[in-house]
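[1] Sharing a model prediction with you, sequence too.
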Amino acid sequence: MPTKTIILNTSNYNQSNGGNSFVYKFPTPINFSTLDKIGVQSISLFNSIFNITAALGNNFLQLIWPCYVPTGSTCIFNGYIGNSASFLGSISNPSPLELYGSTVSTTVSLTGFIGGTKVPIAAGYISGTVLKITSGTPALTIGMYMNGSGVSIVSGSGLTWNLSGSSLGTVGSAASPATNMFACPVGNTLYVTTPPTSSLTASANQTIFITGTNIPSYSLTGSAVSITTTANTYATSAVNVYASSVSITAGIGSSTFIGTSDAPIYPGYTFVFSNTPCTVLSVSITGTLYTLSLSSTVGIFNNTLITNVKIPVDSNTNLPSFSLLTVNSLTNGSNGILPNYTVSGNGVASNVSILSQISSLSTSSNAEGLYKISYNPSVSTEALYASDAVLQNSTLTVTSIVSGTIQSGMILKDSNNLISNYNVVIGSQISGTTGGIGSYNISSSSIVPSIFPEEIVASASYSSILSIPITIPDGYYTASSLNYFLQNVMIQNNLYL
């Protein structure tokens with residue numbers, strides 16, 4: 001029970017009215033709700049006052065308190081305006097996380113390299129780091145790679161060219177030139193040198209991906225592509241690259257990721273894999289194994305680590321595109337929490353709205369669970385409020401009557417002070433029992449915001465002052481006996497907290 005110590009001294013002495021009264025003004029006003037009361041817990045007086053009489057004019061006390069209490073005909077009822085809810089909840093902005101798994105199935109192994117169109121060399125030989133042309137004039141240029149290796153042409157012209165290394169060893173000779181050499185520029189063609197032992201076929205709606213050393217993940221272009229068991233060439237999604245001959249894994253990619261995560265992941269998270277942006281569309285989890293539906297078909301091969309999986313940034317605001325709202329318990333709101341509701345509360349910015357519900361912790365939707373909301377800094381668990389954000393409501397819905405009868409012209413005051421300051425007035429009844437359960441027209445000179453179901457007081461008039469007069473019978477009083485008398489007066493008049 002809250003208490004306050006009141007000290008009366010010469011600053012409270014009131015010289016008017018015969019100079020026999022003290023006035024104490026409370027430092028701040030307060031609104032009292034229905035059934036709230038005020039009482040004197042104890043009074044301490046200096047022993048300089050031993051008697052109280054009407055003749056001395058010291059037998060009268062009056063407590064005046066700024067408030068807002070009904071003074072006319074009154075009705076108390078339960079009801080709501082618009083759609084809204086109150087709840088205990090928190091707001092969070094998780095850090096980026098990591099995924100470990102794959103989107104690829106049915107793999108085969110092969111050997112090959114990626115480059116542009118081959119330039120055949122009719123005859124020639126390699127000795128150390130020098131290429132000699134002995135027949136023809138192949139269209140060689142600096143930067144081309146030799147025989148599918150990592151050795152490139154670094155200088156030269158005509159019939160003599162210098163190479164970047166000697167790892168190719170001796171190929172042919174002046175006396176016996178090689179006739180199977182070639183050079184290859186950058187490009188997007190996969191040259192299979194050692195085919196797989198079994199073929200790999202993709203249907204019309206599937207994509208084959210390849211990966212290997214210096215080959216992050218490229219797709220084979222075209223529909224219904226097959227990798228055969230013979231040496232062949234295939235067009236890929238690579239653009240102006242060269243990858244020397246290495247062991248390559250090929251597999252059928254999909255838009256379904258199966259694997260683990262180092263933190264909870266939710267729809268809307270994004271990441272980029274092999275230059276392909278991916279958005280998580282849906283999430284399911286069995287034990288610790290996640291199954292994610294992605295916005296793109298990608299070639300994520302087995303045991304691949306994907307980092308920086310996160311809530312995307314809004315390009316217009318440069319802030320996260322959403323935050324996570326956890327609703328622990330719905331304390332009020334018959335319709336629950338719906339998309340486009342505005343969230344408010346301590347630490348919540350203006351125009352923060354519900355985007356969608358991610359998961360439910362209740363048997364009913366739109367109640368306890370996890371929601372995506374527009375961005376807001378993190379907020380610890382506390383009382384929050386969500387409403388349809390309508391500020392010009394015109395209908396009051398009454399669900400039950402506590403006491404009294406509703407009449408046209410009554411002014412509304414709610415227990416949570418959501419509409420008490422807007423002078424909302426009841427108009428004509430729309431439907432229901434006359435003066436009771438039903439719907440009513442309402443209006444205000446300013447706004448009528450949505451409020452969740454709660455107790456509402458409707459009264460023909462209200463007073464802004466609570467005045468309690470107390471007359472003390474003549475007599476001699478000690479401090480304790482005066483305190484006892486005042487406490488009894490308060491109790492008899494239900495004026496106590």
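    Sure thing, it's come through.
[2] burial count for the nearest residue to Thr342 once chain neighbours are set aside?
    Among residues not flanking Thr342 along the chain, Ala389 sits closest, at 3.9 Å (Cβ to Cβ, 6 or more residues apart in numbering). (C-beta placed from N, C-alpha, C; glycine too.) By the criterion of other Cβ atoms under 10 Å, Ala389 has 17 neighbours.
[3] now Ser164
    16.
[4] I'd guessed it sits against Val154; true?
    Yes: counting by Cβ atoms under 8 Å, Ser164 does reach Val154; the two are 5.0 Å apart.
[5] so where is the stretch 251-400 of the chain shaky, pLDDT-wise?
    Within the stretch 251-400 of the chain, the segments meeting pLDDT under 70 span 334.
[6] Might you report the residue contacts of the closest residue to Thr160 other than its chain neighbours?
    Residue nearest to Thr160 in three dimensions, not counting chain neighbours: Lys132, with 6.1 Å by Cβ to Cβ, 6+ apart. Counting by Cβ atoms under 8 Å, 6 or more residues apart in numbering, Lys132 makes contact with 124-126, 159-160, 174.
[7] Just the buried residues of the residues you listed.
    Listed as buried from the contacts of Lys132 are 124-126; burial here means 16 or more other Cβ atoms under 10 Å.
[8] could these go into JSON lines alongside distance to Gly143, pLDDT and secondary structure?
    Listed next are the buried ones among the contacts of Lys132 as JSON lines, based on distance: Cβ to Cβ, whole Å; pLDDT from 0 to 100; DSSP: H, G, I helix; E, B strand; the rest coil:
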{"residue": "Gly124", "distance to Gly143": "18", "pLDDT": "96", "secondary structure": "strand"}
{"residue": "Tyr125", "distance to Gly143": "21", "pLDDT": "97", "secondary structure": "strand"}
{"residue": "Ile126", "distance to Gly143": "17", "pLDDT": "97", "secondary structure": "strand"}
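[9] Dump these to TSV, plus distance to Val402.
    Shown next, in TSV, are those (distance: Cβ to Cβ, whole Å):
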residue	distance to Val402
Gly124	103
Tyr125	105
Ile126	100
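[10] Just the closest of the residues you listed to Asn335, please.
    Ile126 (79.7 Å; Cβ to Cβ).
[11] State the distance from the closest residue to that closest one other than its chain neighbours to Gly116.
    Closest residue in space to Ile126, ignoring its immediate chain neighbours: Val171 at 4.1 Å, by Cβ to Cβ, 6+ apart. For Val171, the distance to Gly116 equals 21 Å [Cβ to Cβ, to the nearest Å].
[12] and the residue positioned nearest the centre of the chain, bridged to which residues?
    Closest to where the C-alpha atoms of the chain average out (Cα atoms, centre = their mean) is Ser323, at 1.9 Å. Beta-bridge pairing for Ser323 (DSSP bridges): Ile373.
[13] quick one, what contacts it?
    91-93, 311, 372-376, 378.
[14] Kindly report the same for Pro216.
    Ser274 are the contacts of Pro216 under Cβ under 8 Å, 6+ apart.
[15] again with Ser353
    Counted by Cβ under 8 Å, 6+ apart, Ser353 has contacts 340-343, 373-374, 389.
[16] Distance of the nearest residue to Asp262 once chain neighbours are set aside relative to Met181?
    Nearest non-adjacent residue to Asp262, counting by Cβ to Cβ, 6+ apart: Glu98, 4.9 Å away. According to Cβ to Cβ, Glu98 and Met181 sit 45 Å apart.
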